[in-house]
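Enquirer: fold the stuff below for me.
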Amino acid sequence: MAASQFRMLRSSVPGVEAVVATSGHRFARHTHEQFGIGLIFSGAQRSLSGRGLVEAEAGDLITVNPNEVHDGVPIGEARSWSILYFDPAVMEGLTREVGGGEANRSEIPRPVIHDGLLADRFRVLFSAVTGDGERMRCEELLLSVIADALRETAMREGQAMAPHSIVHARNMIDDDPAAEISLSDLARESGLSRFQVLRAFARATGFTPHAYLVQARVHLARRLIAGGAALAEAAAESGFADQSHMTRAFVSRYGLTPGTYARGHS
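Expert: The predicted model follows:
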């Protein structure tokens, strides 16, 4: 497998993170709390997400929505990409402007976008966000790229909703990811048997309850680290057994180590 290199670059736009990577890493199923728009500039990859099995190659834009379960494997030895992650509040503000005052788009509809002109604009946007680009130019590019990424109907027709019983179980994890929660606890909360919870939870979320819990802890650790918490402190406060456990979970999902992520926010 090719050596992996992930760099988190300083972003000039609050609420937007920038990452550039070259990697043969096979990403485990995971989610992000942010929207992501990126560009593959060499190699290719295959990924399975809530929007289907897709392949992307050099010159393609790739996207991800908050809480969308997905993975990613290289086609060949490795692939290289740059990506911007947008906090939901930032995306809501951009979509409100694009939509004439209404933030009525809740997701990016296309997991892969084949559009050479849009890819060129994304390259310029990435350089502006991570460099010393003019503020007005950066704002123009942000609105332009987001408008084109969202130009199709956003919500999938007939998108399945999680049963109320599983919503209760999921909320129990989301409300306190660091807590020690058992499958029996989730069963009592949802009014189901442990096996019913296991089966229905995976069907509704794409994760087993334990995998969802670990992902929720990774999200919490990411927020703590971005806020300036020391790595050991973030690991303890987000429910991991120790810092090495947090690091393994972080790298498995994002490729980045917590230390690399922290340096990007220093």
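Enquirer: from Ser144, how far off is Val13?
Expert: According to C-beta to C-beta, to the nearest Å, Val13 and Ser144 sit 14 Å apart. For every residue, glycine as well, the C-beta is placed using N, CA and C.
Enquirer: more neighbours, the two?
Expert: Neighbours per residue (other C-beta atoms under 10 Å) separate Val13 from Ser144, with Val13 holding more: 19 against 16.
Enquirer: ok, for that one, nearest residue in space, not its chain neighbours?
Expert: Leaving out its chain neighbours, the residue that sits closest to Val13 by C-beta to C-beta, 6 or more residues apart in numbering is Val129, at 5.3 Å.
Enquirer: what sits against that neighbour?
Expert: Residues near Val129 by C-beta atoms under 8 Å, 6 or more residues apart in numbering: Ser11, Ser12, Val13, Val16, Ala18, Leu84, Cys138.
Enquirer: most surrounded residue in those?
Expert: Result: Leu84 is most packed of the contacts of Val129 (other C-beta under 10 Å), 24 neighbours.
Enquirer: would you verify that it is located in a strand?
Expert: Yes: applying DSSP: H, G, I helix; E, B strand; the rest coil, one finds Leu84 inside a strand.
Enquirer: which residues does it bridge with?
Expert: Ala18, Ile37 (DSSP bridges).
Enquirer: show me the contacts for it.
Expert: With C-beta under 8 Å, 6+ apart, Leu84 has these contacts: Ser11, Val16, Glu17, Ala18, Gly36, Ile37, Gly38, Leu125, Phe126, Val129.
Enquirer: Ala230: which of these is nearest?
Expert: Within those, proximity to Ala230 (C-beta to C-beta) peaks at Glu17, which comes in at 19.7 Å.
Enquirer: separation between the residue lying closest to the closest one once chain neighbours are set aside and Pro66?
Expert: Closest residue to Glu17 apart from its sequence neighbours, by C-beta to C-beta, 6+ apart: Tyr85 at 4.3 Å. Between Tyr85 and Pro66 the computed distance is 10 Å (C-beta to C-beta).
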